[in-house]
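> structure, please.
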Amino acid sequence: MEAKIVDPVTGEALSPGQKVEVRLRGPTIMKDRLKELIKCKAYQVPPVELEHLLHTNPEIDDIAVVLFQWPLFVVRKLGSNIIVAQVMEFVTK
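You can find the predicted model right below:
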């Protein structure tokens, strides 16, 4: 598996602390997502909509929603003690 942190516009490699895009390459990565929706109970949720919502939480610095076994990757703000239950409660509201 290979990972590269790049500028989303130019594709140039970037250093930490900048707004980036993560690009993955390897034999286990699919070329395209079949659907842009996550099924949760009776709802179909667009991952980008969930990301936008979570970015409004003042305790979250960054978020990635992916279609995987555990679909949320949360980066807490420095000094934040937010836990998974609080993130889930925020989304539920």
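> domain-wise, how is the protein divided?
With domains defined by automatic domain parsing, the chain comprises 1-31, 32-93.
> any idea which of these is most buried?
Comparing the domains of the chain by mean neighbour count (mean count of other Cβ atoms under 10 Å), domain 32-93 comes out on top with a mean of 12. C-beta: built from backbone N, CA, C; applies to glycine.
> show me where this protein has its helices.
Taking DSSP state H as the criterion, the chain contains helices spanning 47-55, 84-92.
> which elements pack onto the last one?
Put plainly, it is helix 84-92. In terms of contacts (3 or more Cβ pairs under 8 Å, 6 or more residues apart in numbering; DSSP states H and E), helix 84-92 is packed against helix 47-55.
> quick one, the helix it packs on and helix 84-92 angle?
On the basis of axes from the mean of the first three to the mean of the last three Cα atoms, to 10 degrees, helix 47-55 is oriented at 110 degrees to helix 84-92.
> other SSEs contacting helix 47-55?
Helices and strands touching helix 47-55, by 3+ Cβ pairs under 8 Å, 6+ apart, are strand 60-65, helix 84-92.
> pull the CA atoms of it into PDB?
Taking C-alpha atoms only, helix 47-55 is exported to PDB below (Å, rounded to 0.1, in the frame of the first residue of the first chain):
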ATOM      1  CA  PRO A  47     -20.500  11.100   3.000                       C
ATOM      2  CA  VAL A  48     -19.800  14.600   2.000                       C
ATOM      3  CA  GLU A  49     -22.900  15.900   3.800                       C
ATOM      4  CA  LEU A  50     -21.800  14.100   7.000                       C
ATOM      5  CA  GLU A  51     -18.300  15.600   6.700                       C
ATOM      6  CA  HIS A  52     -19.700  19.100   6.300                       C
ATOM      7  CA  LEU A  53     -21.900  18.600   9.400                       C
ATOM      8  CA  LEU A  54     -19.000  17.300  11.500                       C
ATOM      9  CA  HIS A  55     -16.700  20.200  10.400                       C
END
